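Asker: 3D model of this:
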Amino acid sequence: MTDPSKPLINARHEAFAVALAAGNSLTEAYRQSGYAPGSAHSNAGRLMTNDGIKARVQWLQTQTATASTLTKLEKREKLASITRGGTNLEAIAAIKVDNDLAGDGSEALANAALGTVAEAMVRIRSGKWRK
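Answerer: Residues are numbered from 1 along each chain as shown. Below is the predicted model:
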């Protein structure tokens, strides 16, 4: 089997794999690859039995998902910027999410306390705060 991280030798097979990985249907990917549209339905399914094409599609989808997903550190950095620059309620929400991402075991207790603070802030702002 070929290395799925490398483009397929057959240019049409590669175009088919790329189109499928991009989310197109089998028949649409087949058409976009330069094959005759009339045989798209039956032949697209046949192409998907090719182990090289299947592996390439999976690899491309994995790369796309990895590239479009923030890392845990990137998420925590974004939350830190919201905490520093947002409103108090946005900061509390960001801290709650960051607690969950930290996963150090204390997040449930901390989030419960932050939820209580956030509720109080909303009541104060709305004039519904009662001692």
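Asker: For residue 52, which residues are in contact?
Answerer: Counting by C-beta atoms under 8 Å, 6 or more residues apart in numbering, residue 52 touches 1-2, 4, 8, 13. Where C-beta positions appear, they are placed from N, C-alpha and C, glycine not excepted.
Asker: Now do the same for it: its pLDDT.
Answerer: Residue 52 carries a pLDDT value of 94.
Asker: got it, and residue 68?
Answerer: Residue 68 is assigned 60 on the pLDDT scale.
Asker: can you check residue 1 too?
Answerer: For residue 1, the pLDDT comes out at 64.
Asker: for residue 42, same thing?
Answerer: Looking at residue 42, its pLDDT is 84.
Asker: so how far is residue 36 from it?
Answerer: From residue 42 across to residue 36, the span is 11 Å (C-beta to C-beta, to the nearest Å).
Asker: same thing with residue 51?
Answerer: On the measure of C-beta to C-beta, residue 51 and residue 36 end up 24 Å apart.
Asker: cool, and residue 16?
Answerer: Residue 16 is 13 Å from residue 36, where distance means C-beta to C-beta.
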